[in-house]
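Visitor: only geometry, no sequence info:
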């Protein structure tokens, strides 16, 4: 049973435009969500997170939106830059479980 | 500050061989974990530890063994390597408590022939 789903394996956008990466989850006990970015041959790095008590969190060009009723979250990158080209992983955390569950990732390509 | 350090970066094994993937962190984090990344499968949790002397299984623990004798180190042992264990392995750590982000190492690419 896949608890965190990223249904788009890849996304291609033009530099300067908005990138929207989507993530759905099935575990209603998740109370914290994180996005990680991964470049080839490197480990994932933390990008942004959101608690289930919020519906939006912003950090510079990155904004994460959470729709609890739809069990859906999205990552918006505005404006997109070529350096944003990477694989983005969505992850859900159930407080106290110590088991962060990741989606399969979405490969974002930002074209100059 | 080195963060999470994994060794080796690359390893080729023959089926049936054993080896240990090393992981060390210098952030005094209580929590450490091992993930594997396979094409189309994302990151899957193998084992984790919430402190020295305490370990537990994740989603895909079979064929792997761990121990946590110190806060800093969390080695992952492959007892008898199989081709299905060909993967990229990531070690990660974080502070104890809820809603803390994981810090990942740079990974070990393992091939089992």
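Guide: Yep, that arrived. Computed from a prediction, not measured in an experiment: that's the story for all the values here.

Visitor: ok, so what distance separates whichever residue of chain A sits closest to chain B from residue A:37?
Guide: When distances are taken as C-beta to the nearest C-beta, chain A reaches nearest to chain B at residue A:43, 3.4 Å away. For the C-beta atoms, the positions are set from N, CA and C on the backbone; glycine is no exception. Using C-beta to C-beta, to the nearest Å, one gets 10 Å for the distance from residue A:43 to residue A:37.

Visitor: returning to that earlier point: which residues sit in contact with the spatially closest residue to the residue of chain A closest to chain B that is not a sequence neighbour?
Guide: Nearest in space to residue A:43, with sequence neighbours left out and distances taken as C-beta to C-beta, 6 or more residues apart in numbering or on different chains, is residue B:104 at 3.4 Å. Taking C-beta atoms under 8 Å, 6 or more residues apart in numbering or on different chains as the definition of contact, the neighbours of residue B:104 are A:36, A:43, A:44, A:45, B:4, B:90, B:91, B:92.

Visitor: which among those residues end up buried?
Guide: The neighbour-count criterion (16 or more other C-beta atoms under 10 Å in any protein chain shown) marks A:36, A:43, A:44, B:4, B:90, B:91, B:92 among the contacts of residue B:104 as buried.

Visitor: which residues touch the last one?
Guide: I take that to be residue B:92. Applying C-beta under 8 Å, 6+ apart, the residues near residue B:92 are A:43, B:4, B:32, B:33, B:34, B:35, B:102, B:103, B:104, B:105.

Visitor: report pLDDT for it.
Guide: At residue B:92, the pLDDT value in this model is 96.

Visitor: just to revisit the earlier point, nearest to residue A:57 among the contacts of residue B:104?
Guide: Comparing those against residue A:57 with C-beta to C-beta picks out residue A:36 as the nearest, at 14.8 Å.

Visitor: that older thread, so which of the contacts of residue B:92 sits lowest on pLDDT?
Guide: Comparing pLDDT over the contacts of residue B:92 singles out residue B:102 as the least confident position, at 90.

Visitor: ends of stretch A:7-18, how far apart?
Guide: Terminal residues of stretch A:7-18 lie 19 Å apart, using C-alpha to C-alpha, to the nearest Å.

Visitor: for it, give me every contacting residue.
Guide: Contacting residues not belonging to stretch A:7-18 are listed as A:19-22, A:24, A:76-82, A:104-112, B:40 [C-beta under 8 Å, 6+ apart].

Visitor: what residues does whichever strand or helix holds residue A:66 touch?
Guide: Residue A:66 belongs to strand A:62-67 when assigned by DSSP states H and E. Among residues not part of strand A:62-67, those counted as contacts by C-beta under 8 Å, 6+ apart are A:33, A:35, A:47-50, A:52, A:54-57, A:72-78.
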